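# okay, sequence plus prediction incoming.
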Amino acid sequence: MVKEPRNLTVFAPAKINLFLEVLGKRPDGYHELETVMQEVDLKDTLEIEEIEEGIELTCTEPSIPKDESNLAWKAARLFQRKIGVEKGVRMHLVKRIPVGAGLGGGSSDAASVLKGLNTLWERGLDQRELLEMATQLGSDVPFFVQGGTALCKGRGDLVYPLRVKNNFVYVILYPEIIVTTSSVYKALKTGLTKSRKDVSFFLDALSSGDPESVGRLLFNRLEEVALGLYPVLRKIRTLLESYGPCGVLLSGSGSAVYGLCNTKREAEGIKENLKRQGMGKVYVVTNSVSFETA
Ligand code: C5P
């Protein structure tokens, strides 16, 4: 009997940071964070197929490396090694999440590989085991293993899930600038932080479900640093703010800037305005449901 090849299609959602405070520099060179991450329904699609051996990766986005330097590739290798799987995997990535945007695309792809292979190869690894593997791949990967909304601490890898009842709508502008996360952290002067923002006020606003209250308290310590490095981002932020959403913020280390809106209609209106200005790619998104298989 010929065995059908095993395959699976999974989605890898983007994230935005609603709050990000840097508490200090760590001995390992990373920064100690307090950040609230929100998964949104802008997604890459990852098709996974079992093959006899090795790891093969193709991608719709030409600029992305398809070799062992790709985080999805590394995730597949880590999974194979940890579990002692002899079979190989062929992966095809349909990229929709912009690159170098602070939207976590690469990290999310990697988390989807871990979760997808766990399903494909019926390994039954629990959340703790997947999170442990994710931590080895990057600071944001554990968040994507968890999904939803979470307060993340440590270097971002300690994930505390939050319950968000409401559907918030965001309009994201990607100015087609690729920002390297490490360059922004490098330019950050940690010693100069006079008043540290307390996440608890933000968490109260988030649980109130009121977009206006959340919008007022959106905060990202990396924002000023990134806007300093890329002055065009400041222009874009000011433009987005001029359309009157509840709040505007740079996501992660950038380059994407988003606005939190009261309604989908408002977000669509701002999207049309931004598109007319030709400032980059624009997406309307909402908090999404976590890991799905197609
Ligand atoms: O963990 P990840 O590889 O995604 O981090 C990319 C870079 O971002 C790190 O090399 C480091 O320069 C910076 N970073 C940091 N502190 C964090 C997370 C990332 O300094 N908490």
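Structure's in. What do you need?
# and Trp121, what's its pLDDT?
Looking at Trp121, its pLDDT stands at 93.
# which residues touch it?
Arg6, Glu50, Ile83, Val85, Lys87 (C-beta atoms under 8 Å, 6 or more residues apart in numbering). Heads up, the C-betas are built off the backbone N, CA and C, glycines and all.
# I'd like the distance between it and Val113.
Separation of Trp121 from Val113 (C-beta to C-beta, to the nearest Å): 12 Å.
# cool, Arg221 as well?
Arg221 is 30 Å from Val113, by C-beta to C-beta.
# what about those two, which has more around it?
Val113 (32 against 21; other C-beta atoms under 10 Å).
# can you tell me the closest non-neighbouring residue to the more buried one?
Nearest in space to Val113, with sequence neighbours left out and distances taken as C-beta to C-beta, 6 or more residues apart in numbering, is Ala75 at 3.9 Å.
# show me the helices in the chain, by range?
According to DSSP state H, the chain carries its helices in the segments 71-83, 105-120, 127-137, 141-146, 181-187, 199-208, 211-217, 223-229, 231-242, 264-277.
# could you dump the ones you listed into a markdown table with distance to the ligand added?
Below are the helices of the chain laid out as a markdown table (distance: least, C-beta to the nearest ligand atom, whole Å):
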| stretch | distance to the ligand |
| --- | --- |
| helix 71-83 | 8 |
| helix 105-120 | 7 |
| helix 127-137 | 8 |
| helix 141-146 | 8 |
| helix 181-187 | 3 |
| helix 199-208 | 15 |
| helix 211-217 | 21 |
| helix 223-229 | 12 |
| helix 231-242 | 18 |
| helix 264-277 | 28 |
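# please parse the chain into its domains.
7-162, 169-286 (automatic domain parsing).
# can you give me the buried ones in stretch 147-162?
The neighbour-count check on stretch 147-162 (16 or more other C-beta atoms under 10 Å) flags 147-159 as buried.
# quick one, grab the pLDDT at Gly102.
pLDDT, Gly102: 98.
# most centrally placed residue in this structure?
By C-alpha atoms, centre = their mean, the chain has its centre lying nearest to Gly104, at 2.7 Å.
# would you confirm that that residue contacts Gln38?
No. Between Gly104 and Gln38 there is no contact under C-beta atoms under 8 Å: 10.4 Å.
# which neighbours do these two share?
Lys15.
# make sure Gly88 is actually in contact with Glu49.
No. With contact defined as C-beta under 8 Å, Gly88 does not count as touching Glu49 (9.5 Å).
# the residue nearest to Ile51 when sequence neighbours are not counted: how many residues sit nearby?
Nearest residue to Ile51, sequence neighbours excluded (C-beta to C-beta, 6+ apart): Gly88, at 4.4 Å. Applying other C-beta under 10 Å, we find 15 residues neighbouring Gly88.
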